[in-house]
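>>> I need the structure of the sequence given here:
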Amino acid sequence: MDHTAHRHQHAHPARGASWRTAARATLHCLTGCALGEVLGMVIGTAAGLHNAATVVLSLALAFVFGYALTMRGVLRAGLPLPQALKVALAADTVSIAVMELIDNTVMVGVPGAMDAGLTQTLFWLTLTASLTAAFALTTPVNRWMITRGRGHAVAHRHH
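A predicted model of the protein is given here:
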């Protein structure tokens with residue numbers, strides 16, 4: 001199938017990207033981030049890791065899962081692995097970084113949340129609130145980037 005016309009259609013920045021488009025891009029990013037973030041927090045908390053080690057683990061896993069979700073889609077579209085990695089890095093790095101900054105700041109900032117056990121409501125409520133805040137504050141960033149042909153707009157050129 002010839003994707004030349006489809007690619008050309010997205011060659012210029014998407015002026016005035018809608019909030020809906022930005023929210024979808026952020027939800028895509030949140031999915032990967034949340035998988036990594038939750039897994040990292042659960043592993044770190046269950047293993048009794050220091051808070052800093054738990055945050056680093058969560059951060060690393062959020063990037064891995066976030067990039068993996070994007071790569072899955074562009075690999076399916078036929079891009080070779082090295083090109084798919086470049087697309088994922090261009091599409092997701094800023095979004096994941098902003099999201100992780102926000103949700104880890106909330107997790108660390110709520111007294112006792114990082115020390116709460118996995119069976120404690122404080123841990124799960126704070127984690128939910130941190131991811132909700134990350135979504136709300138990252139959506140405008142993604143809209144700004146998509147409007148300029150960056151961020152998730154890069155990945156959509158290959159679908």
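
>>> the protein: helices as residue ranges?
In the chain, the helices defined using DSSP state H lie at 4-9, 19-46, 51-76, 81-109, 121-147, 152-156.

>>> how about these, which one is nearest residue 115?
Closest of these to residue 115 is helix 51-76, at 7.5 Å (criterion: C-beta to C-beta). Using the backbone N, CA and C atoms, a C-beta is placed for each residue, glycine as well.

>>> for the closest residue to residue 105 other than its chain neighbours, what are its contacts?
With sequence-adjacent residues excluded and distances taken as C-beta to C-beta, 6 or more residues apart in numbering, residue 105 is closest to residue 130, at 7.9 Å. Residue 130 makes contacts with 37, 102, 103, 104, 105, 106, 107, as judged by C-beta atoms under 8 Å, 6 or more residues apart in numbering.

>>> the last one and residue 89: what is the separation?
Put plainly, it is residue 107. As for residue 107, its distance to residue 89 is 25 Å (criterion: C-beta to C-beta, to the nearest Å).

>>> who's more crowded, the two?
residue 107 (22 against 14; other C-beta atoms under 10 Å).

>>> surely the more buried one is in contact with residue 122?
No. Contact criterion C-beta atoms under 8 Å: residue 107 and residue 122 do not qualify, at 10.8 Å.

>>> right, I'll call it a day here.
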